[in-house]
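1. Need coordinates for the below:
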Amino acid sequence: MTATSPTTGRYHAASTEAVEAANGISYAYREVGEGTPLVALQHFRGNLDNWDPALIDALANTRRIVTFDNVGVGGSTGATPSTFTEMARDAIAFLDALELEQVDLLGFSIGSFVAQELALIRPASVRRVILASSAPQGAAGMHGWAPEVIGAVGGRDPNPDGYLGVFFTGSSASRQAGKETMGRLSARTEDRDAATNWQTRQAQYDAVCSWGIPDHARLQRVSAIDVPVFVANGDSDPMVLPHYSYLLAGLIPQSRVKIYPDAGHGFLFQHHAEFARDVDAFLSTSE
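-> Residues are numbered from 1 along each chain as shown. Here you go, the predicted structure:
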């Protein structure tokens, strides 16, 4: 797989489009590639520009990739809701607006929580699911993130050092990968997405806290996801600990799990080439 410069890649050059949905929301989105659509659901406070172009370009070699801002995020209108069930219904409205009847899903971090809900609410629309840095609802120990984590990525102002500390490890290799990722994320200078606002931050974190209230009965919900699922994480993710990946995979009937070495929350950016190959293999198999 040939690497592309962040200033020449397809995602870097992709225009930001808008589509009006039946719920009255105008959704901002970008798409690259052709073929079966893979819809990407973004992390906490992330917008269109927080997807690593190297990862999106690698995934787009074999399929159509659609990234979008959910309600109230970035360039999309409305106010961000405070539950992942509502966010999933908003994501379904976006799929309907683009007339995407069946898709694969890539949910990253809180996007993976939305993906789980979407697969439960509208199973006929989902072919396969990738859950990156994920956990099931009701898991013990998930009621909010550690103070140092939310302090690093949850403040009012951007915190590059905090981002590096959560998304990457302290090793020289991971820190270098983090700096390269940040360079790719900032390379786009025109048609950049609007930054997420404080209302979105508060609503998303309220949803995180609600999702993480310990409730053993809710763990059983994901057993109803009856499509193939690939669960992935970094071995040193401080935001969603890797043991939740094993717990989640154990609850979903058709699941597989992979943990990437020397990687934090942003393992899929650090290991973008390997992760893209793994995703392609997962989505291409006939099993």
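2. For H216, see how far away the closest residue to L38 other than its chain neighbours is.
-> Leaving out its chain neighbours, the residue that sits closest to L38 by C-beta to C-beta, 6 or more residues apart in numbering is D104, at 4.6 Å. (Each C-beta comes from the backbone N, C-alpha and C, glycine too.) Distance of D104 to H216, computed by C-beta to C-beta, to the nearest Å: 30 Å.
3. can you check G107 too?
-> 23 Å.
4. Which of these two has more residues huddled nearby?
-> Legend: neighbour count by other C-beta atoms under 10 Å for G107 and H216, higher for G107 (27 against 9).
5. which SSE is the more buried one in?
-> Element membership of G107, judged by DSSP states H and E, is strand 103-108.
6. partners of that strand, with directions?
-> In the sheet, strand 103-108 lines up against strand 37-41 (parallel), strand 126-132 (parallel) (DSSP bridges).
7. Any chance of JSON lines for the ones you listed, columns distance to D193, mean neighbour count and mean pLDDT?
-> Output for the strands paired with strand 103-108, formatted as JSON lines (distance: least, C-beta to C-beta, whole Å; neighbours: other C-beta atoms under 10 Å; pLDDT from 0 to 100):
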{"stretch": "strand 37-41", "distance to D193": "14", "mean neighbour count": "25", "mean pLDDT": "98"}
{"stretch": "strand 126-132", "distance to D193": "20", "mean neighbour count": "25", "mean pLDDT": "98"}
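8. Can you say which of those strands is nearest to Q202?
-> Of all these, it is strand 37-41 that lies closest to Q202, at 19.3 Å by C-beta to C-beta.
9. List of residues touching that closest one?
-> Strand 37-41 is contacted from outside by 51, 56, 59, 63-68, 70, 91, 95, 100, 103-108, 111-112, 114-115, 118, 279, 283, using C-beta atoms under 8 Å, 6 or more residues apart in numbering.
10. Check stretch 213-226 too.
-> Stretch 213-226 is touched from outside by 116, 119-120, 123, 129, 136-143, 247-248, 251-254, with contacts defined as C-beta under 8 Å, 6+ apart.
11. List only those of those residues flagged as buried.
-> Q116, A119, V129, P136, Q137, G138, A139, M142, L247, L248, L251, I252 (16 or more other C-beta atoms under 10 Å).
12. still on that earlier bit, didn't the residue nearest to L38 look like it was pressed against V129?
-> Yes: contact status for D104 versus V129: in contact at 7.2 Å, counting by C-beta atoms under 8 Å.
13. intersection of neighbour lists for these two?
-> Here D104 and V129 share no contacting residue, scored by C-beta under 8 Å, 6+ apart.
14. Looking at the contacts of strand 37-41, which are in helices?
-> Members of the contacts of strand 37-41 lying in helices (criterion: DSSP state H): I56, L59, A91, L95, G111, S112, V114, A115, L118, V279, L283.
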